[in-house]
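S.K.: Using only what follows, build the 3D model:
(2 chains)
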Amino acid sequence: MIDALKARLGSIWQLSMMRWRLFYREPGTMFWTFGFPMALSIVLGIAFRSQKPEPVVCGVLEGPRAVMIQELLEKSTDVRKPDVLSESQADAQLRTGKVSLVVVPADPPTYRLDSTRPESRLAKALVDDALQRGLGRKDAFTPHSDEVTAVGSRYIDFLIPGLVGLGLMSSGLWGVGFSLAEMRTRKLLKRFVATPMKRADLLLSFLVVRAFSLIVELPPLLIFARVAFGVRMQGSIVVFALVCLVGALSFSVLGLLLSSRAENPQIVSGLINVVSFPMYLGSGVFFSTGRYPDGIRKVIDVLPLTALVDALREIMNEGTAFSPLVLRALAILVAWGVGSFLLALRLFRWR
Amino acid sequence: MKCRGLKKTYKRTGLAAVDDDSEVVAVDGLDLDVAAGECFGLLGPNGAGKTTTVEVLEGLLEPSEGDVTILGRRWDKDETYLRERIGLSLQQTFLPDKLTVIETVRLFRSFFKTGRTVEETIGLVALQEKRKAKYETLSGGQKQRLAVACALVSDPELLFLDEPTTGLDPQSRRMLWDVISKFRNEGGSVVLTTHYMDEAERLCDRVGVVDHGKMIAIGTPKELIASLGGSHIVEVQAEGEGLAALLPAELATLPSIHACKPVLGRMAFTVGELHVALPAILTAYTERKLTVKDLSTHSATLEDVFVHLTGRQLRD
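M.R.: Residues are numbered from 1 along each chain as shown, chains lettered A, B, ... in the order given. Predicted coordinates for the structure are as follows:
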């Protein structure tokens, strides 16, 4: 009995070692697992880095009061020092968007703008403020503004948990789905089932290796995000790791399902792309799912990547542990995992 | 090992299925017995049903009809028992590219309760020097030997090899023959498929000739060759106006000639005594004013048996 168990574990160990060796000996997988998420976070981190707000640009039409208006606007930090423009210059610059607004220095001044353009409306508000105050308007109160450039609420803070989730999805679907289809094409699955190997052991070894590769997969991106962008883990690293594990396994089983009938890796590639592309865009990796209409959001909300990314983001940026959102996400991921597994059991072709 | 009335049919797939639900018969009622310690060869051209037969025997395909008993057991009842005791190599397996020889053998060893040590197995197929080499760097012959090592690692009682030497260079083939002979000499039973006559003659105690899913002859290589009735083959290619009127039945009555059959534009004679038959054949051609363009003789082989039985070459 104990011998049988030892033999079984030995077999799972050897199968897992096979998986692991094939993983780290393949340069391509190393790039997609480690290099790609980092490259993506560098590019997006630079593109969306926090900047000082730009002052609005406006012009003043020539006239007797033009210089006075120009001086008043010059004092405001929100408005760039305006040029005095001739009628034709003003028209041209307004039309081409070089200035967002032209002040006609009559008494009272007239603002010339296209109010369908957001920057023109912004300019109108800021220019109006500057002129009213400059000419003696008293504000009812002086508001405080609370700037949200704090760590944890920047775009890069939003992005990193999304990239972690995206990485878990790709490694799960490709690592398991593609590899199994390749093993089928190479007749390796058939060769294995011609031995006393337990079929469950092979599948188990895939999951074991997926779980363990998280240890080498997650830290590089998280450490890189911390060092390069100061992205911090606000919540519990243990809960974060647990959600990652459940997500990784869930996507692995989904990969197993996608590979269950495929004759060759090309078919599986197609299936994986079909399944992952909607989540790539829809699941809130790069921008909030709030931008989609409600009807579509109902579908998006139960996708495994949406659940995973929402939970990771909340743990990492809000510092929650097992909040209702995280528990709901875990339930969604488990449901996808178990559902895919049961379906894969029925569909999987070994030969 | 026993197999009775084995039949395997496939549903047609693909476009043909639209207007045709007939079945393709891969193996059509095949009987086979292999005794313990015997090396049995299934011989036949590509598409004859050899691989299907072997895969049914290996328990990888279910027969549509018929019975298979291996080591006194049946696949549907004792799969685990049988899997522990047979070794096999498929016609085509690509082992993992990035695993080394020793890692691959160790992996296969872990599937079996009992068996040889990993080092011993690698020694059996003479891959010691390549033990740390990755599969992708091995030559065709070395890859095939590794596949056989994976079959031998459990020290099986019965070994199935599906075209073990197809596409290999002569030296690699001879090395594999040595491995197989050694396994047999130590008491193991072997079932192999091949379309190489020399391989069957050299390795097999008995040979079954398969064509179109049917066993068309079975016996020791000697018996099969003897069934031709002569030990030499004479092939004659001739030219002349009377060639069409040349009747095999007529020629077969010449002295010491047992059979005569046109094969691929030549006339093939099965001959007992060359020194008697040759002058008679030449005289017969001269009398009919036919010019002999080419004449060759060789000792009869299993190839000739196949040609005799089917009128076709094994590999065409």
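S.K.: Chain B versus the closest residue to residue A:297 other than its chain neighbours, what's the distance?
M.R.: Distances taken as CB to CB, 6 or more residues apart in numbering or on different chains place residue A:289 nearest to residue A:297, at 6.0 Å, with adjacent residues excluded. To be clear about C-beta, it is placed using only N, CA and C from the backbone, and glycine gets the same treatment. Separation of residue A:289 from chain B (CB to the nearest CB, to the nearest Å) stands at 40 Å.
S.K.: which residues does residue A:289 contact?
M.R.: A:282-283, A:297, A:300-301, A:306 (CB atoms under 8 Å, 6 or more residues apart in numbering or on different chains).
S.K.: outside of stretch A:19-36, which residues touch it?
M.R.: Contacts of stretch A:19-36 (CB under 8 Å, 6+ apart): A:167, A:170-171, A:174-175, A:179, A:205-206, A:208-209, A:212-213, A:217, A:220-221, B:96, B:98-99, B:103, B:134.
S.K.: which parts of chain B sit against chain A?
M.R.: B:58-60, B:80, B:83-84, B:88, B:90, B:92-96, B:98-99, B:103, B:106-108, B:110-113, B:134, B:150, B:154 (CB under 8 Å from any CB of the partner chain).
S.K.: The closest residue to chain A within the stretch 201-316 of chain B: how many residues sit nearby?
M.R.: Residue nearest to chain A within the stretch 201-316 of chain B (CB to the nearest CB): residue B:213, separated by 20.2 Å. Using other CB atoms under 10 Å in any protein chain shown, residue B:213 has 23 other residues around it.
S.K.: sorry, back to before: and the contacts of stretch A:19-36, which are buried?
M.R.: A:167, A:170-171, A:174-175, A:179, A:205-206, A:208-209, A:213, A:217, A:221, B:96, B:99, B:103, B:134 (16 or more other CB atoms under 10 Å in any protein chain shown).
S.K.: which stretches of the stretch 101-250 of chain B form helices?
M.R.: Along the stretch 101-250 of chain B, counting by DSSP state H, counting those that start in this stretch, helices occupy B:101-109, B:118-124, B:140-152, B:170-185, B:197-203, B:221-226, B:248-251.
S.K.: Columns mean pLDDT on top of the ones you listed, output as CSV?
M.R.: Formatted as CSV, these follow (pLDDT from 0 to 100):
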stretch, mean pLDDT
helix B:101-109, 97
helix B:118-124, 95
helix B:140-152, 95
helix B:170-185, 92
helix B:197-203, 88
helix B:221-226, 87
helix B:248-251, 83
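S.K.: Just the buried residues of stretch A:123-130, please?
M.R.: In stretch A:123-130, counting by 16+ other CB under 10 Å, buried: A:123-124, A:126-127, A:130.
S.K.: Make JSON lines from those and add pLDDT and distance to residue A:1 to it.
M.R.: Shown next, in JSON lines, are the buried residues of stretch A:123-130 (pLDDT from 0 to 100; distance: CB to CB, whole Å):
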{"residue": "A:123", "pLDDT": "89", "distance to residue A:1": "82"}
{"residue": "A:124", "pLDDT": "90", "distance to residue A:1": "83"}
{"residue": "A:126", "pLDDT": "89", "distance to residue A:1": "81"}
{"residue": "A:127", "pLDDT": "89", "distance to residue A:1": "86"}
{"residue": "A:130", "pLDDT": "87", "distance to residue A:1": "86"}
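S.K.: PyMOL command to pick out the buried ones of the contacts of residue A:289?
M.R.: With 16+ other CB under 10 Å as the burial test, the buried ones among the contacts of residue A:289 are selected in PyMOL as follows:
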select buried, chain A and resi 282+283+300+301+306
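S.K.: Among the contacts of residue A:289, name the ones in helices.
M.R.: Those of those mapping onto helices are A:282, A:297, A:300-301, A:306, per DSSP state H.
S.K.: related to what we said a few turns ago, keep only those of the residues of chain B next to chain A that are in strands.
M.R.: residue B:88 (DSSP state E).
S.K.: distance of the residue nearest to residue A:297 from residue A:137?
M.R.: 43 Å (CB to CB, to the nearest Å).
S.K.: likewise residue A:113?
M.R.: Residue A:113 is 21 Å from residue A:137, by CB to CB.
S.K.: Those two: which has the busier surroundings?
M.R.: Higher neighbour count among residue A:113 and residue A:137: residue A:113, with 19 against 11, using other CB under 10 Å.
S.K.: Helices of the stretch 1-150 of chain A, start to end?
M.R.: In the stretch 1-150 of chain A, the helices defined using DSSP H, counting those that start in this stretch lie at A:2-24, A:27-30, A:36-47, A:66-74, A:87-96, A:118-134.
S.K.: Alpha carbons of the third one, as CSV, please.
M.R.: Once non-C-alpha atoms are left out, helix A:36-47 reads as follows in CSV (Å, rounded to 0.1, in the frame of the first residue of the first chain):
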residue,chain,number,x,y,z
PHE,A,36,6.5,40.5,-21.9
PRO,A,37,4.7,41.7,-18.8
MET,A,38,7.7,43.8,-17.8
ALA,A,39,8.1,45.3,-21.2
LEU,A,40,4.3,46.1,-21.2
SER,A,41,4.5,47.7,-17.8
ILE,A,42,7.5,49.9,-18.9
VAL,A,43,5.8,51.1,-22.0
LEU,A,44,2.4,51.7,-20.4
GLY,A,45,4.0,53.2,-17.3
ILE,A,46,5.8,55.7,-19.4
ALA,A,47,2.9,56.5,-21.6
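S.K.: Can you give me the buried ones in it?
M.R.: Of the residues in helix A:36-47, those buried (16+ other CB under 10 Å) are A:36-37, A:40-41, A:44-45.
S.K.: Ok, stretch B:250-263 next?
M.R.: Buried residues in stretch B:250-263, counted by 16+ other CB under 10 Å: B:251, B:254, B:256-257, B:259-260.
S.K.: what sits up against that stretch?
M.R.: Contacts for stretch B:250-263 (CB under 8 Å, 6+ apart): B:228-230, B:235, B:248-249, B:267-273, B:276-277, B:280-281, B:284, B:307-308, B:311, B:313.
S.K.: Torsion angles phi and psi at residue A:245?
M.R.: phi -60, psi -50 (degrees, to the nearest 10).
S.K.: Number of residues surrounding it?
M.R.: Residue A:245 has 16 nearby residues by other CB under 10 Å.
S.K.: how far away is it from chain B?
M.R.: For residue A:245 relative to chain B (CB to the nearest CB), the value is 26 Å.
S.K.: Hmm, that residue is touching residue A:214, no?
M.R.: Yes. Using CB atoms under 8 Å, residue A:245 is in contact with residue A:214, at 6.4 Å.
S.K.: just to revisit the earlier point, return the member of the buried residues of helix A:36-47 nearest to chain B.
M.R.: residue A:36 (20.7 Å).
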